[in-house]
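Chemist: Sequence unavailable; structure follows:
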């Protein structure tokens, strides 16, 4: 899992990083498959859960930007 040392450096195991990448790619696929606003609302819930589970602020922001750009293209 994720451990925090005394100097606030996060240490990730390789397996954890792989799971984060898999979850982020799943989020991208979910967003790409959305065809209406209701589906995008559900995708946003997935992104929030992704952020809570992984603590990946950059990845969460990237997925939220994808949702916003997808909403504009609908």
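Modeler: Structure's in. What do you need? Since the structure is predicted, the reported quantities are computational estimates derived from the model, not experimental observations.
Chemist: Quick one: mean pLDDT for the one helix or strand residue 70 maps to?
Modeler: For residue 70, the host element (DSSP states H and E) is helix 57-73. Averaged across helix 57-73, pLDDT comes to 96.
Chemist: Does anything pack onto that helix? Which helices or strands?
Modeler: Counting contacts by 3 or more CB pairs under 8 Å, 6 or more residues apart in numbering; DSSP states H and E, helix 57-73 is packed against helix 14-33, helix 37-54. From N, CA and C alone the C-beta is placed, and that goes for glycine too.
Chemist: Tell me where the model's unsure across this protein.
Modeler: Along the chain, segments meeting pLDDT under 70 span 1-12.
Chemist: if we can go back for a sec, which residues are in contact with the helix holding residue 70?
Modeler: 20, 24, 27-28, 31-32, 34, 37, 40, 43-44, 47-48, 50-51, 54 (CB atoms under 8 Å, 6 or more residues apart in numbering).
Chemist: how about a cut-off of 10 Å?
Modeler: Residues outside helix 57-73 that contact it (CB atoms under 10 Å, 6 or more residues apart in numbering): 20-21, 23-24, 27-28, 30-37, 39-41, 43-44, 46-52, 54, 56.
Chemist: Got phi/psi on residue 34?
Modeler: phi -70, psi 140 (degrees, to the nearest 10).
Chemist: measure the closest residue to it other than its chain neighbours to residue 16 for me?
Modeler: Distances taken as CB to CB, 6 or more residues apart in numbering place residue 40 nearest to residue 34, at 4.8 Å, with adjacent residues excluded. Distance of residue 40 to residue 16, given as CB to CB, to the nearest Å: 28 Å.
Chemist: between these two, which one's more packed in?
Modeler: Neighbour totals were compared for residue 40 and residue 16, and residue 40 leads with 18 against 14 (other CB atoms under 10 Å).
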